[in-house]
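J.: starting from these lines, generate the structure:
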Amino acid sequence: MLATVNAATLHGVSGHPVRVEVHVANGLPAFTVVGLPDASCREARDRVRAALESCGLPWPARRVTVNLAPTGVPKAGSVLDLAIAVGLLVACEEIEPSAVADVAFLGELGLDGSLRPVPGALPLVDAVDVPVVVVPPENRAEAALIGSRSIRAAIDLRGLVLALRGDEPWPGIDDPVSESADDDGPDLSDVRGQRIVRFALEVAAAGAHHLLLVGPPGAGKSMLARRLPGVLPDLDADDALEATRVHSSAGGDLPGGGLVRRPPWRAPHHGASAVAMVGGGSGTMRPGEVSLAHGGVLFLDELGEFSPHVLETLRQPLEDGTVRVSRAGMSMEYPARVLLVAAMNPCPCGGSAAPGGCRCPPAVRSRYVRRISGPLLDRFDLRVGVNRPDPADLLGGRAGESSAAVRARVIRARLRAEQRGVTANASLGSAELEAAAPLSGPSVKRFEAELHAGRLSARGLHRVRAVALTIGDLEDREGPLDVDLVETALSLRIDPFRSEGPRVR
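T.: Have a look, this model is predicted:
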C-alpha cells in the first residue's frame, strides 16, 4: 500500500515542502530511503523502528520504500522522522489516510517514541501548505508565530496515533510561555566621561552607521560597544520575524515568546573562520555570525587580530545587506543587515597613539594597520579614537545619561528616516540623500576641500553626508546641511591611528 504525508526540510534559513511517500510491499524485509537523504536522514529507519516498537505499534516485516519528494532537493536532519513513522502506519492501515490528508508532521523521534524538538520550526511551518501542523511541544510557541496554521503538539508517537484515530482527544496544549522581559544588556549610565564616544554611539544607533573604535587597552572600547544594543529601538514586525527565522534555523535559543524583538548582539572570537562569519559549510548550510546579527549589532573586538581574508568577506554583505553563499551542490542567500561595530588597539603593543606611548617599531606598526584594508576601512562611517577616561570622571564623576534617554532620541531620528522611505539614514541612496540633505554653499566648499586633498572617496562623501543628516535629525534640524553639521560629521571620520581626536559641538 502507498501512503503520502506532508512535511518539510530546512535549506539555510528557509523551509522547503516535502512529500513523504511510503510504499509497503511483499518481499524480503528491507527499509530503503530515497530522495537525496543525508546520513542523519537515512538513520531515521532505526529511530522509527525503535519508536514504533516502544509504543506497541507494529513494524512490518515486509519491503518498505520511503521516497522524499521532490527527489532533486537534498534532505538533511531528523525533522522527517515523524512524517516517515506516520506514513508507515498509514501504509500499514493503522491510521486512515483521511486523518493525515491536510496535516503536516515535523519532529524528531526518540527511541522511546517521544517527540523531540528540531531547529528551524518557524521556516519549516511556513513552508508547508496545509492548515494543520503537528510539532513537538518545545517547538509549539515558535511554530505558532505563523498565524495561518493551526498548531498541534504531541508528546509521543502513541498519543499522536490515538488522536489521529479518534480514540482519544488531542493532548492538551499548555498556555503560551509568558514572554520574558526585554534584556537590553548593561546601561549606558554606567559609563563615566567619554563624551565624544557616547555621542558617536548615539549617531551610530540613530543612523545605522558602522563604527570603528581605536584606543589603548582599558580605554573602555568593549564596554561602550556592549551598551549599543540598549539604545537601539525594537525590531519592526518584518525584521523580528526574519531574525527569528535565522536564529531558529541555526538552532539558537529564542525568547520566551518565540519572537526576537530586541536587536541581536553577536561578538565572534577573532579566530573565527570565513564560514563561521558569513555562513555555509560542506554539509548542512548554516547562517554565519553576520546573519545571526541581522537587525542588530555585529561586534568585532580586536579587529586587527582577525584574518584579513575573513574581514574581506564582510565587504559585500555590508553593502548589500545579504550574504550569497554558493557551493557545488547548492546556493543560499541569508539576510545580513547589521550595524557593524569594531574595536582595536592602535598598534600591537597596545600603547597610546600619542608620541612616546608606543614601543612598536614603525614597520611593525605599519604592518598591523595594513591588516585593515582601505576598502573595508572606508565602510566605517564613524571612526573614533578612544582615550583612557579622565581620573576625575572615574573617581568622582556623575553617572552618564541612561540608555533609555538616548534611545528616545534615537527613535525620533529613526522616525524621521522612515518618512524618507528607509529604516535609517545609512540606507539612503544617492537620489534620496540628495533630496533629503541638500548642501549649503559653505558645505559644498568644505567637501570640495576634502575631496581635493584625497581624504574622502566618493563613497566617503556619501557616508559623511548621511552622518551629517543623522546629526541634524538628532537635533531636529530642517533644511540644507549647514557647514557645522558637515564639520562634526567629518570630525567623527578621522584617521583613528593618529593622535588627534574628533570634535563635538
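J.: what helices or strands is the one helix or strand Leu213 maps to leaning on?
T.: Here Leu213 sits within strand 211-214, counting by DSSP states H and E. Counting contacts by 3 or more C-beta pairs under 8 Å, 6 or more residues apart in numbering; DSSP states H and E, strand 211-214 is packed against helix 195-207, helix 221-226, strand 339-344, strand 382-385. C-betas here are computed from N, CA, C, even on glycine.
J.: chain center to the helix or strand just after the second one, what's the gap?
T.: As assigned by DSSP H and E, the chain's next helix or strand after helix 221-226 is helix 237-249. Distance, stretch centre to chain centre, for helix 237-249: 8 Å (C-alpha atoms, centre = their mean, to the nearest Å).
J.: got the contact list for the following helix or strand past helix 237-249?
T.: Remark: after helix 237-249, the chain's next helix or strand is strand 265-266, criterion DSSP H and E. Applying C-beta atoms under 8 Å, 6 or more residues apart in numbering, the contact partners of strand 265-266 are 185, 226, 229, 289-290, 292-293, 296-299.
J.: and the two most separated of these?
T.: Gly185 and Val290 (19.8 Å; C-beta to C-beta).
J.: okay, helices next: where are they in the stretch 51-200 of the chain?
T.: Ranges of helices in the stretch 51-200 of the chain, per DSSP state H, counting those that start in this stretch, are 81-91, 121-127, 140-143, 157-165, 195-207.
J.: comparing the ones you listed, which gets the lowest mean pLDDT score?
T.: In terms of average pLDDT, helix 140-143 trails the rest of these, at a mean of 90.
J.: does anything pack onto it? Which helices or strands?
T.: Counting by 3+ C-beta pairs under 8 Å, 6+ apart, helix 140-143 packs on helix 121-127, strand 150-153.
J.: Leu485: which of the ones you listed is closest?
T.: Per C-beta to C-beta, nearest to Leu485 of the helices and strands packed on helix 140-143: helix 121-127, 42.4 Å.
J.: just the CA coordinates for that closest one, please, in PDB.
T.: Backbone C-alpha positions of helix 121-127 (Å, rounded to 0.1, in the frame of the first residue of the first chain) are rendered in PDB as follows:
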ATOM      1  CA  ALA A 121      10.500  25.200  13.300                       C
ATOM      2  CA  LEU A 122       9.400  28.700  12.100                       C
ATOM      3  CA  PRO A 123      10.600  28.400   8.400                       C
ATOM      4  CA  LEU A 124       9.500  24.700   8.300                       C
ATOM      5  CA  VAL A 125       5.900  25.500   9.400                       C
ATOM      6  CA  ASP A 126       5.900  28.400   6.900                       C
ATOM      7  CA  ALA A 127       6.900  26.100   4.100                       C
END
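J.: show me what it packs onto, helices and strands only.
T.: Against helix 121-127 (3+ C-beta pairs under 8 Å, 6+ apart) you get strand 2-11, strand 14-25, strand 132-135, helix 140-143, helix 237-249.
J.: now with 10 Å, please.
T.: For helix 121-127, the packing partners by 3 or more C-beta pairs under 10 Å, 6 or more residues apart in numbering; DSSP states H and E come out as strand 2-11, strand 14-25, strand 103-105, strand 132-135, helix 140-143, helix 237-249.
J.: please dump the helices of the stretch 51-200 of the chain into JSON lines; it should also carry distance to Leu28 and mean neighbour count for every row.
T.: Listed next are the helices of the stretch 51-200 of the chain as JSON lines, based on distance: least, C-beta to C-beta, whole Å; neighbours: other C-beta atoms under 10 Å:
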{"stretch": "helix 81-91", "distance to Leu28": "17", "mean neighbour count": "27"}
{"stretch": "helix 121-127", "distance to Leu28": "35", "mean neighbour count": "25"}
{"stretch": "helix 140-143", "distance to Leu28": "40", "mean neighbour count": "23"}
{"stretch": "helix 157-165", "distance to Leu28": "26", "mean neighbour count": "20"}
{"stretch": "helix 195-207", "distance to Leu28": "67", "mean neighbour count": "24"}
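J.: nearest to Arg420, out of those helices?
T.: Of all the helices of the stretch 51-200 of the chain, helix 195-207 comes closest under C-beta to C-beta, at 11.5 Å.
J.: quick one, the closest one and strand 339-344 angle?
T.: Angle of helix 195-207 versus strand 339-344, following axes from the mean of the first three to the mean of the last three C-alpha atoms, to 10 degrees, is 150 degrees.
J.: how far is helix 195-207 from where the chain is centred?
T.: 22 Å.
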